[in-house]
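Trainee: Build me a model from this:
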Amino acid sequence: MEKFVLHNPTKLYFGKNSIQNLEKEANNLGKKALILFGKNSAKKNGAYTDIVKCLKKLGVDFVEFWGIKPNPRINEAYEAINIGIKEKVDFIIAVGGGSTIDTAKFVSLCIPEKHDLWKVVKEEVVPQKALPLIVILTLSATGSEMNCFAVIQNDDTKEKLGFAHPLIYPKISICDPTYTLTVSPQQTAYGIADIISHLLEAYFGECNSYLADKYVFATFKEIVEIALPLLKNPTNYELRERIMIASTFALNGITYFGRKTPDWGVHEIAHNISALFDTPHGASLSIVYPAWLKFFKQKINDRLRLLGKNVFNVNNSDKVVERLIKFFKSLNCPTSLNDINLKKVDYENLNNLLIKNKPSGYVYKIKKNDYKKLIKLMT
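Mentor: Model prediction:
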């Protein structure tokens, strides 16, 4: 186990009616907020009404920004940043899932010093300030409500990049499973694929951490246990509660301690699929992960067998991959590029984009000559 520092400054309010805590937490953050939303789910699930009621009671003015898309785009973030600067907002509220939260993180980071977002993402400038960020979670998937990570997509350059900075931990996250009761089964399934990917990225990180492994196993088993019942009963509050906390804990640092680094190679490759074909993030991950496991099977055989023994009760690496594929299929998640109706020319375009963007992995290195092999395993 590596020595480590575990510091997570996000204050998490979890459970039914947690929105009641918004009043006391927003009270001292300023007099004007910029609220970021996705499409219209916040009005459908009741979050919008609750937030507006609270802010009006506090006498806090607010500006609304609607329309953050899945696979969040840099152009929308730029627009929100400009509005925030013009309106001189004091803090940010993100209402939604990972795309809205990630966009809000970049917005909060760029407004105070009027930074160019893409230069921030490319680490050409290093922000020193950020506006306080409050998250109202409405989709269980990315874990962005309690971590310092964010992703953004640039359609012009066909890049979707991950980013980390300690200033983008949300100050407050309000996680009420009630706001997820209206999420569709398909969105729920893609969220589950994302959660599993976060667990595996940590598990296949460098350096063993036995207790952290047990957190991975327990969370993975919890997801396998509740996934299909949840998809069949999407308005079941208890199941929504269980998947929400699993999502948060999968990427809040608890599965990382004692590891030197996680391996984000699968996410790196999947981001290229999303950038090129606008594939939902979770769907791109359910395509890439089985291929990645097959590709590195010899190097990760012992770890794969240990995972299989503790999650699926199998002790053969091939069977572990088979069980994972079977599980993804049971959720109606794609497990191959064929499942999203790609053609031969699309495979060539994907290979060219991988060559351009150079995803390389962290612990298990991916080289230029490996891209075609991985694509073949994805077909």
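
Trainee: a strand runs through residue 134, doesn't it?
Mentor: Yes. Counting by DSSP: H, G, I helix; E, B strand; the rest coil, residue 134 is located in a strand.

Trainee: count of residues packed around it?
Mentor: Residue 134 has 24 neighbours, counted by other C-beta atoms under 10 Å. For glycine as for every other residue, the C-beta is placed from the backbone atoms N, C-alpha and C.

Trainee: The one 3 residues further on now?
Mentor: The burial count assigned to residue 137 is 33, neighbours taken as other C-beta under 10 Å.

Trainee: now the one 10 residues further on
Mentor: Counted by other C-beta under 10 Å, the residues lying close to residue 147 total 24.

Trainee: Can you name the residues that contact it?
Mentor: Residues in contact with residue 147 (C-beta atoms under 8 Å, 6 or more residues apart in numbering) are 8, 10, 169, 251-253.

Trainee: among those residues, which ones are buried?
Mentor: 10, 169, 251-253 (16 or more other C-beta atoms under 10 Å).

Trainee: now these in CSV, with secondary structure and pLDDT?
Mentor: Putting these into CSV (DSSP: H, G, I helix; E, B strand; the rest coil; pLDDT from 0 to 100) gives the following:
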residue, secondary structure, pLDDT
10, coil, 98
169, coil, 98
251, coil, 97
252, coil, 97
253, coil, 95
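
Trainee: In terms of distance to residue 311, which of the residues you listed ranks first?
Mentor: residue 251 (17.9 Å; C-beta to C-beta).

Trainee: Quick check: the closest one touching residue 142?
Mentor: Yes. Assessed by C-beta atoms under 8 Å, residue 251 is found in contact with residue 142 at 7.1 Å.

Trainee: Look at residue 64 and give its secondary structure.
Mentor: strand.

Trainee: how about it, what does it touch?
Mentor: 35, 37.

Trainee: pLDDT of the helix ranked longest in the chain, averaged?
Mentor: Looking across the chain with DSSP state H, the single longest helix is helix 210-232. Average pLDDT, helix 210-232: 98.

Trainee: That one: what's the following helix or strand?
Mentor: Remark: after helix 210-232, the chain's next helix or strand is helix 237-250, criterion DSSP states H and E.

Trainee: What segments of this protein are strands?
Mentor: 11-14, 32-37, 61-65, 91-96, 133-137, 149-154, 159-164, 172-175 (DSSP state E).

Trainee: who wins for proximity to residue 266 among those?
Mentor: Short answer: strand 159-164, nearest of these by C-beta to C-beta, at 11.8 Å.

Trainee: most centrally placed residue in the protein?
Mentor: Residue closest to the average C-alpha location in the chain (C-alpha atoms, centre = their mean): residue 142, at 2.4 Å.

Trainee: Distance of the residue lying closest to that one once chain neighbours are set aside relative to residue 90?
Mentor: What sits nearest to residue 142 in space, not counting adjacent residues and going by C-beta to C-beta, 6 or more residues apart in numbering, is residue 98, at 3.0 Å. Look at residue 98 and residue 90: by C-beta to C-beta, to the nearest Å, they are 24 Å apart.

Trainee: Which one's more surrounded, the two?
Mentor: Remark: of residue 98 and residue 90, residue 98 carries more neighbours, 28 against 18, as counted by other C-beta under 10 Å.
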